[in-house]
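Novice: Just a sequence and a predicted model for now, questions to come.
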Amino acid sequence: MKTVPTLYEWAGGMPVFEKLMASFYDKVLQDPLLEPVFKHMSPDHRLHVAHFVAEVFGGPKFYSTAEGSHFKMIQKHIGKHLTEAHRKQWVKLLVETADTLALPDDPEFRSAFMAYLEWGTRLAVINSSLEENPLGTNEPMPAWGWGVPGGPYIPS
Ligand code: HEM
């Protein structure tokens, strides 16, 4: 029986996630709308977001074992008062970075990637208007898969 690769494996593994987020947050700091939101981010922010998303996509558990937890990630967004305009720009710049770095662009991978970004960023905006974290400290990390189209992409 063939094994289905994880989204993490299909994307190219940890170096791809780390490069994606490093390059993305360079763009964010050049962006007039997002720079004020991120100008005080910690030096580890890029790496932590890379490790978080890699883990959600089936990669190693760097984030949840050494750097944070789902609870702590949500906590970082509480009270930040993010807007829909911030969210849209965040997604736009991340997708542009994925294109520039030539992440897989097959329909199956990009469908799963976009679905996760829609889900995660919309939750970030909702949580950013709260004063308290709605999650328990033991909340498991999300785990994302290929979704309805299935995967991986197989050229016909
Ligand atoms: C899928 C969507 C998202 C994921 C997976 C995510 C992930 C994370 C993670 C892991 C952290 C903690 C970083 C650390 O430990 O240093 C964080 C912090 C943060 N995120 Fe997000 N995030 C998402 C969406 C967004 C969006 C859409 C915005 C705003 C446009 C945003 C704004 C922030 C801010 C302001 C912080 C705190 C930065 C600091 O001052 O240290 N996030 N995020």
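Specialist: Nice, thanks for sending it over. Owing to the predicted nature of the structure, the values given are computational and were not obtained by experimental measurement.

Novice: For burial, what's the neighbour tally of the residue of the chain found nearest the ligand?
Specialist: Closest to the ligand within the chain is residue 120: 2.3 Å, counting by CB to the nearest ligand atom. Backbone N, C-alpha and C define where each C-beta goes, glycine included. Residue crowding around residue 120 was assessed by other CB atoms under 10 Å; the count is 18.

Novice: looking just at contacts, which helices and strands does the top helix by length along the chain meet?
Specialist: Identified as the longest helix of the chain according to DSSP state H is helix 107-128. The contact analysis (3 or more CB pairs under 8 Å, 6 or more residues apart in numbering; DSSP states H and E) places helix 107-128 against helix 7-11, helix 70-77, helix 84-100.

Novice: Buried residues of it, list them for me.
Specialist: For helix 107-128, a neighbour-count test (16 or more other CB atoms under 10 Å) marks 108-113, 115-117, 120-121, 124-125, 127-128 as buried.

Novice: if I look at the residue nearest in space to the middle of the chain, how far off is residue 14?
Specialist: Nearest to the geometric centre of the chain sits residue 53, at 4.4 Å (CA atoms, centre = their mean). Residue 53 sits 11 Å away from residue 14, going by CB to CB, to the nearest Å.

Novice: Could you do residue 129 as well?
Specialist: Residue 129 is 33 Å from residue 14, by CB to CB.

Novice: Repeat that for residue 114.
Specialist: From residue 114 to residue 14 the distance is 21 Å (CB to CB).

Novice: quick one: stretch 57-64 near the ligand?
Specialist: No: judged by CB under 6 Å from any ligand atom, stretch 57-64 makes no contact with the ligand; its nearest approach is 6.7 Å.

Novice: where does the chain come near the ligand, residue by residue?
Specialist: 37-38, 40-42, 44-45, 48-49, 52-53, 68, 73, 76-77, 80, 82, 86-87, 90, 117, 120-121, 124.

Novice: at 5 Å what do you get?
Specialist: Contact residues, the chain versus the ligand (CB under 5 Å from any ligand atom): 40-42, 45, 48-49, 52, 73, 76, 82, 86-87, 90, 120-121, 124.

Novice: of those, buried ones?
Specialist: Buried among those by 16+ other CB under 10 Å: 48-49, 52, 73, 76, 82, 86-87, 90, 120-121, 124.

Novice: hmm, back to that, wait, which of the buried residues of helix 107-128 is closest to residue 144?
Specialist: residue 116 (4.9 Å; CB to CB).
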